[in-house]
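1. Here is a sequence with its predicted model. Questions after.
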Amino acid sequence: MQSKSVLIVCVALTLFFVNMKEGSDKTVPGQINYTLEIDTTTYDRARVQIALAGKTKRGLTFQMPKWSPGAYRMRHYPNNVHGFSAYTRDGQLLPFERTMSNGWLIDGEADGLWVEYTVEFPFQSWSGAGFDSTYALVEGSNVFMYVDERRYLPTEVQYLVPSKWKIASPLQQASIPGRYFAANYDALVDAPAQLGFFEEHSFQIEDAEIELIFHGDATFSPDSFTTMVKKICTYQTGFFGEIPFDKYIFFYKILPGYRGGGGLEHRNSATIGLSGGRLNQTVLSAAEVTAHEFFHLWNVKRIFPSDFEQPDYQSEVRTNTLWFLEGVTSYYEPLTLLRSGLWSQYEFIAEIESQVAYLQETEERTTTSVEEASWRAWERAYLHPGVSFYNKGEVLGLLLDLKVRALTQNQASLDDLMKEMNNRFGRAGVSFATADIRQILFEITGHDFSEFFELYISGTDELPYAEILRDAGMAIDIKRQVFSSIGDVIFVGPQHRVVALGNNSTAAAGGLRRGDLVQKLDGKKVDSLQKLHRRILYKQVGSTVNLTVLRGERQLALNIEVGRGETVDCRISPASDPAPGALAVRSGWLGGWTGRSPSPVPGTKKERLK
């Protein structure tokens, strides 16, 4: 027996099929129609319908993605799907069977069909909970199924929302409220939508509109926030010399109680989680992640490696270039803030110092290359204490920038590489290989960078900080301090679940494993990660501590040797005796100019290093 809601949907979809046959100018023949309706009884899930026109053969399979491109982590979204069913165009049930863990195979033929299911919205580390009674953040890859052989077809989505809810989407809007068009499935799931109650602000750069969507409570000035974002976007669009969108949306979720946040890039938008506490202190707390995600508009979404040419939503998509895609993007975070006038040169240098110190504290830097860390992103996740392609990639971006400037007597910089990568690959819509990066560096400088890549990107040699900084008229001082430690151990949550563990740590050698629940240290309850490490500071190197953990249903007592840890203090300052030509390199680096592009960034004399 069909429910009333099924009958209503059936009528609506029948009209859709009629329009298709009549060649309606509002609908492209062969397109796929999606409808998402908010479940207002629980506000924890949505109902999705997908309509396909034309004849379909037996064995058509609908699949749900297992991950979100850009997140580099399997999330198994098929587990959030419930109540799948399939119908012919006139509402007759079609048999289906579940295939593998992610597919629903239609066991019948039809001249037009539609399917429906309910889906729970997952918690995302970069934006928190995705659904409640006030809003829903639709990240398409965790909501919408697809038919692999029809991913290329034009797509339409209709959002049905409660009264007074608003909708924001970067897609082209139809004349019907809540309806949007996408070129294909990939474009649909790369365009999140915010549904619900939210605050909106916007500005324009030339004819392009940039919208800021806020959801959550915090006390800050929206005008100051908008001014900050406009400076970032104006600088970066000017940097690449193009505005490759008509509309771009920043979806900001304000997270009370969070100390940090994160973001996920999309083709013409970004979803970003912000710490409410930090935002209350200053809007500049959102500047770095905003600059990072907007730079991805080019580096990742348009400048992409061959590994990313065709999204595979079911398998791990590995690449050894995340050091460039994420790390070099991270270098352009502080550069953007410096050059747009949001940061002083002192703040910029402090960021570089902290990144160098973090890298030098990472024991794994001498055994794991940044290319390997990029390739192993799927196993290592974001909290892994080893080599980070974000961190080391940012430091490599710095060194490549200064090396290019020194080799060309400040006639060129890393900016020339990024602009040429966009001209050659981004605007042409073709992928790049690592060899292309080396080739463009050679064209810019006349110098072969093969050895640099072999030693520091493919290899694990210590980075030549002093040598390269000296050629930029800068000096570096790295000091180390030894302390008692059981190594890199990170646990989270109220149960203190271990989520990251250094492979070379004494904790790992003593039997601690990821997934263990840390309970006691030497018989006393462990209250927090910070307090655990602080208590170990007072232990003698070579002594043994007893760590009580829960592994499954077994409580274990682990005897762990106290080893040596190191903290690193890094200071970068102007050299007292700069080499010939180094002053021009330093001035160009901090001022954002080269001999070919003499355009210093804004800033006051007081802010500039002498």
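-> Structure's in. What do you need?
2. What's the first helix or strand after the host helix or strand of residue 50?
-> Following DSSP states H and E, one finds residue 50 within strand 45-56. Where DSSP H and E defines the elements, the next helix or strand beyond strand 45-56 is strand 61-63.
3. about what we covered before: would you mark the buried spots in the strand holding residue 50?
-> Judged by neighbour count (16 or more other Cβ atoms under 10 Å), strand 45-56 contains these buried residues: 45-53, 56. All C-beta atoms are positioned from the backbone trio N, CA, C, and that covers glycine.
4. From the contact counts, what lies against that strand?
-> Where contact means 3 or more Cβ pairs under 8 Å, 6 or more residues apart in numbering; DSSP states H and E, strand 45-56 is packed against helix 4-22, strand 32-38, strand 110-120.
5. Low-confidence regions, the stretch 51-200 of the chain specifically.
-> Low-confidence segments of the stretch 51-200 of the chain (pLDDT under 70): 124-129.
6. Correct me if wrong: residue 50 contacts residue 62.
-> Yes: assessed by Cβ atoms under 8 Å, residue 50 is found in contact with residue 62 at 7.1 Å.
7. Now list whatever residues contact both of those two.
-> Residues touching both residue 50 and residue 62 (Cβ atoms under 8 Å, 6 or more residues apart in numbering) are 115, 145.
8. measure stretch 133-147 end to end?
-> By Cα to Cα, to the nearest Å, the extent of stretch 133-147 from end to end equals 31 Å.
9. now stretch 476-493
-> Distance across stretch 476-493, first residue to last, is 38 Å (Cα to Cα).
10. do the same with stretch 320-327
-> In stretch 320-327, first residue to last residue: 12 Å (Cα to Cα).
11. which parts of stretch 430-441 are buried?
-> 432, 434, 436-441.
12. same check, this time on stretch 489-497
-> Within stretch 489-497, the residues scored as buried using 16+ other Cβ under 10 Å are 489, 491, 496-497.
13. again with stretch 559-566
-> For stretch 559-566, by 16+ other Cβ under 10 Å, it's 560, 562-563, 565.
14. Using CSV, lay out these together with pLDDT, distance to residue 219 and secondary structure.
-> Putting the buried residues of stretch 559-566 into CSV (pLDDT from 0 to 100; distance: Cβ to Cβ, whole Å; DSSP: H, G, I helix; E, B strand; the rest coil) gives the following:
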residue, pLDDT, distance to residue 219, secondary structure
560, 96, 45, strand
562, 96, 44, coil
563, 93, 45, strand
565, 87, 39, strand
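15. ok, of the residues you listed, which one's closest to residue 95?
-> Of all those, residue 95 sits closest to residue 560, with 56.9 Å by Cβ to Cβ.
16. Report the buried residues of stretch 251-268.
-> 251-255, 258, 261-268.
17. ok, so of the residues you listed, who is nearest residue 212?
-> Distances from residue 212 to the buried residues of stretch 251-268, taken by Cβ to Cβ, are shortest for residue 252, at 6.6 Å.
18. where does the stretch 451-600 of the chain have low pLDDT?
-> Judged by pLDDT under 70, the stretch 451-600 of the chain has its weakly predicted residues at 599-600.
19. How many residues are close by residue 538?
-> Using other Cβ atoms under 10 Å, residue 538 has 8 other residues around it.
20. So what does it have for phi and psi?
-> Phi and psi for residue 538, reported as degrees, to the nearest 10, are phi -90, psi 0.
21. you'd agree it is up against residue 483?
-> No: between residue 538 and residue 483 there is no contact under Cβ under 8 Å: 10.2 Å.
22. For my notes, confirm residue 232 occurs in a strand.
-> No: using DSSP: H, G, I helix; E, B strand; the rest coil, the assignment for residue 232 is helix, not a strand.
23. For stretch 189-202, list the C-alpha coordinates in CSV.
-> Presented in CSV, the C-alpha positions along stretch 189-202 are these (Å, rounded to 0.1, in the frame of the first residue of the first chain):
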residue,chain,number,x,y,z
VAL,A,189,28.1,17.1,-4.9
ASP,A,190,30.8,19.7,-5.2
ALA,A,191,28.3,22.4,-4.3
PRO,A,192,27.1,22.2,-0.7
ALA,A,193,23.8,23.9,0.3
GLN,A,194,22.9,25.6,3.5
LEU,A,195,19.3,25.2,4.6
GLY,A,196,17.7,26.8,7.6
PHE,A,197,18.1,30.0,9.6
PHE,A,198,21.4,31.8,9.0
GLU,A,199,22.9,35.3,8.7
GLU,A,200,23.9,36.5,5.2
HIS,A,201,26.5,39.1,4.1
SER,A,202,28.0,39.7,0.7
